[in-house]
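Peer 1: 3D, please:
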Amino acid sequence: MVKIEHLSNYKEHIDTISKWLCKEWGTSDNIEFFKSILNHSLIKTNLPQTFIALDDGKPVGTIGLWRCDMVSRQDLFPWLSALYVIPAYRSKGIGKQLQSYLLSYTKRIGYEEIYLYTDLENYYEKIGWEYIDRGITYSGEYDKIYKKSLKD
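Peer 2: Predicted coordinates:
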């Protein structure tokens, strides 16, 4: 059974998660960037925050709550960021489980809405995210921005 925990309780997995994020969204030159985000997320009273999905103690996925994920849209915050599930565990509902956990956490700490950006088609719409705009990423590409209300 997969459980979700705060990364601060499993610091030994920072290197593994940094490698996942770097491979998925970075380059071999910027692993320190991802390590920095993860290390700064160990303090539970501020953003960013990072959570991990564990299967019998083995990390199988991660998700973050970041102050800013799309720098060109700093007017929007917080952001669901860095949702990643290892390939062997995909299509088992872990991504949705991580999202649900993060959304509950975000609401509990007082936010009324949350954002994300993606180039995926028809994934987030199926689970209640509302498309609101297109935004420019670091690379100059346009991706879709979504919002989810956390109000009752």
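
Peer 1: Helices along this protein, start to end?
Peer 2: 14-25, 31-40, 94-108 (DSSP state H).

Peer 1: Can you tell me the centre-most residue of the protein?
Peer 2: Nearest residue to the geometric centre of the chain (C-alpha atoms, centre = their mean): S81, 2.8 Å.

Peer 1: Compute the distance between F77 and I114, please.
Peer 2: Counting by C-beta to C-beta, to the nearest Å, the separation of F77 from I114 is 9 Å. For the C-beta atoms, the positions are set from N, CA and C on the backbone; glycine is no exception.

Peer 1: Looking at the two, which one has more neighbours?
Peer 2: With neighbours defined as other C-beta atoms under 10 Å, F77 and I114 compare such that I114 has more, 22 against 17.

Peer 1: got a list of what the more buried one touches?
Peer 2: Shown in contact with I114 (C-beta atoms under 8 Å, 6 or more residues apart in numbering): L65, P78, W79, L80, L102, L103, T106, K147, K148, L150.

Peer 1: what about 6 Å?
Peer 2: By C-beta atoms under 6 Å, 6 or more residues apart in numbering, I114 lies in contact with P78, L80, T106, K148.

Peer 1: Next one: it from Q49, what distance?
Peer 2: In this view, I114 and Q49 are 12 Å apart by C-beta to C-beta.

Peer 1: And for K92?
Peer 2: 23 Å.

Peer 1: More neighbours: which of those two?
Peer 2: Q49 (25 against 14).

Peer 1: For burial, what's the neighbour tally of the residue lying closest to the more buried one once chain neighbours are set aside?
Peer 2: Spatial nearest neighbour of Q49, chain neighbours left out: L65 (4.4 Å); criterion: C-beta to C-beta, 6 or more residues apart in numbering. Neighbour count of L65, defined by other C-beta under 10 Å: 24.
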